[in-house]
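Asks: predicted model follows, preceded by the sequence.
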Amino acid sequence: MASEASNEADREIVVSRIIEGPRRLVFDAFTSASHLAQWCAPWEGSKITTHAFDFKPGGVWDATIQGPDGRSYPNHWRWQEIVPPERIVWMYSLKKDDPHPVKTTLTLAERGNTTEATLQLLFGSKEERDEKVAKFYAAQGARQTLDSLAEYVASAQAAHK
């Protein structure tokens, strides 16, 4: 069993962040395409167009991100597990039939009036992880995602005060 755990550690990226806001609000940011479109793009000035969205296990979020550079980036998420408001698991890929999706687990833990959000990206192999880190800056993207989520939650809270 220990070798399986170390094998998983060789294939993963884990990023955590404290988000100023209640866990339910952080979780809700994932529950609709309109929420995701407001914060989930990795670059400022990006626009997300959703082609399909069904937030349930087995459902998908199929979207295109239009980057500020004018290039389009397809994104395909297949929801695997949804445990409100503590965990969401999805398979992330650039297209529906991508043979190398990344299993992504978001865990949300209450910390008083804040939420600790942890993203675990689990790749098919150490080599895939290393390639994505080098080619797509996967760790930086995960950090940017949590930073954008934190900004979105802060603005949502401010709007309700």
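Replies: Right, received. Where do you want to start?
Asks: just checking, residue 141 touches residue 41?
Replies: No. In this structure, residue 141 is not within contact of residue 41 by Cβ atoms under 8 Å, at 10.8 Å. Where C-beta positions appear, they are placed from N, C-alpha and C, glycine not excepted.
Asks: same drill for the two, tell me which one is more crowded.
Replies: Neighbour count, other Cβ atoms under 10 Å: between residue 141 and residue 41, residue 41 has more, with 22 against 18.
Asks: show me the contacts for that one.
Replies: Contact partners of residue 41, counting by Cβ atoms under 8 Å, 6 or more residues apart in numbering, are 47, 48, 65, 148.
Asks: inside helices: which ones of those?
Replies: Among these, the members found in helices (DSSP state H) are residue 148.
Asks: give me the buried subset of the contacts of residue 41.
Replies: Neighbour-count burial (16 or more other Cβ atoms under 10 Å) applied to the contacts of residue 41 gives 48, 65, 148.
Asks: of the residues you listed, closest to residue 113?
Replies: Closest approach between the buried ones among the contacts of residue 41 and residue 113, by Cβ to Cβ: residue 148, at 20.5 Å.
Asks: what's the neighbour count on residue 155?
Replies: There are 12 residues near residue 155, going by other Cβ under 10 Å.
Asks: what does residue 38 give?
Replies: By other Cβ under 10 Å, 16 other residues sit near residue 38.
Asks: where does the residue lying closest to residue 124 once chain neighbours are set aside fall, phi/psi-wise?
Replies: Among residues not flanking residue 124 along the chain, residue 100 sits closest, at 5.5 Å (Cβ to Cβ, 6 or more residues apart in numbering). Note on residue 100: backbone dihedrals following degrees, to the nearest 10 are phi -130, psi 60.
Asks: in this protein, which ranges drop under the pLDDT threshold?
Replies: 1-6, 133-137, 161 (pLDDT under 70).
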